[in-house]
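Undergrad: Sequence and predicted structure are below.
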Amino acid sequence: MRFPLRLSADLALARFLSRISRSPYGPILRLSPLLTPFSLKERFEESSTDLEWDSPEECLRRANQFGARIVWLGGAEPLLHPEIGRVAGALAESGRHVFLHTGGFSLRRRIHEFQPDSRIFLVLEFAGREAVHDSRAGQPGAYRRVLESFRAAKLSGFLVCAHVTVGPDSDACEIGELFEELCAKDADGLIVSSGGTNSAASTSGKLGEIRGLIRHGGWERFSSTLESSPATPAAVPARPRISGNQEGAFEEGI
């Protein structure tokens, strides 16, 4: 596991620009291209037909507006966006580093929509090891599906990171074992954050402890920077809605 030099330079520059501009959104621009909130459990359902999204052009415009060098596509499940491959590609082609944060449920089926790029990182969400992850996701076998998506992305030539959201019930020993397993599978990066779902006071000690288990200064600093970069508000309220005949497009192929 390494931290790319170009990403390190962009992260340092982003921190500097954020300080001098006093940006309220921090060095990493966190965008949710899908304008609908999801819990981890709902990420695996992918069944709503009443969704709204930003177009690739709008996502690029917002990145330009904030002068972002690093963009985190997350919030709601980005793979529900029918043009998410174009969104990631357009941002990377503009010279930005792109982190696509996903539950991974349909990544294997959608992987052909992306092109491997040294600026694109596919980030898979892990709640913990198998029992904890399946319980948090509300689906037996969810953990194995994420591992299958991890393997498929690596075999397809993508840079793949794991993201762990720390809560009051997170177990440091278990997450340490998870990190060892993922590093053995050639993870390109490990990221730890509170996900913005808990107050800093309730998780700060545990967050620091678990972040220390990454044992790589670059990814520890990236995790801290991500934590200090609040999500940006959606600039445009309405985008096309998913029609009923598109619903089946989000079913996971076996």
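TA: Perfect, I can see it now. Numbers count the residues shown, from 1 in each chain.
Undergrad: Please make it C-alpha for all contacts and neighbour counts, starting now.
TA: Will do.
Undergrad: got the contact list for the spatially most central residue of the chain?
TA: Central residue of the chain (Cα atoms, centre = their mean): residue 101, 1.7 Å from the mean position. Residue 101 sits next to 72-74, 77-78, 122-125, 163 when contact means Cα atoms under 8 Å, 6 or more residues apart in numbering.
Undergrad: same check, this time on residue 116
TA: Neighbouring residues of residue 116 by Cα under 8 Å, 6+ apart: 156-159.
Undergrad: From those, list the buried ones, please.
TA: Buried subset of those (neighbour count, 16 or more other Cα atoms under 10 Å): 158-159.
Undergrad: Could you identify the most distant pair in the contacts of residue 116?
TA: The largest separation in the contacts of residue 116, counting by Cα to Cα, is between 156 and 159 at 9.3 Å.
Undergrad: returning to that earlier point: may I ask which of the contacts of residue 101 comes out lowest in pLDDT?
TA: The lowest pLDDT within those belongs to residue 77, with 86.
Undergrad: Count the neighbours of that residue for me.
TA: 27 (other Cα atoms under 10 Å).
Undergrad: Quick check: it vs residue 112, distance?
TA: Separation of residue 77 from residue 112 (Cα to Cα, to the nearest Å): 18 Å.
Undergrad: Ramachandran angles for residue 219?
TA: Main-chain torsions, residue 219, degrees, to the nearest 10: phi -80, psi -30.
Undergrad: Verify the stated contact: it with residue 3.
TA: Yes. Taking Cα atoms under 8 Å as the definition, residue 219 is a contact partner of residue 3 at 6.8 Å.
Undergrad: which of those two has more neighbours?
TA: Comparing residue 219 with residue 3 by other Cα under 10 Å, the one with more neighbours is residue 219, at 22 against 14.
Undergrad: Now for the closest residue to residue 86 other than its chain neighbours: which residues touch it?
TA: Here the nearest residue to residue 86 in space, its sequence neighbours aside, is residue 56; by Cα to Cα, 6 or more residues apart in numbering that works out to 6.2 Å. The contact partners of residue 56, taken as Cα under 8 Å, 6+ apart, are 83-84, 86-87, 90.
Undergrad: Among the residues you listed, which ones are in strands?
TA: Assigned to strands by DSSP state E, none of the contacts of residue 56 qualify.
Undergrad: So what sits opposite the closest residue to residue 159 other than its chain neighbours in the bridge?
TA: Nearest non-adjacent residue to residue 159, counting by Cα to Cα, 6+ apart: residue 121, 5.0 Å away. Beta-bridge pairing of residue 121 under DSSP bridges involves residue 99, residue 159.
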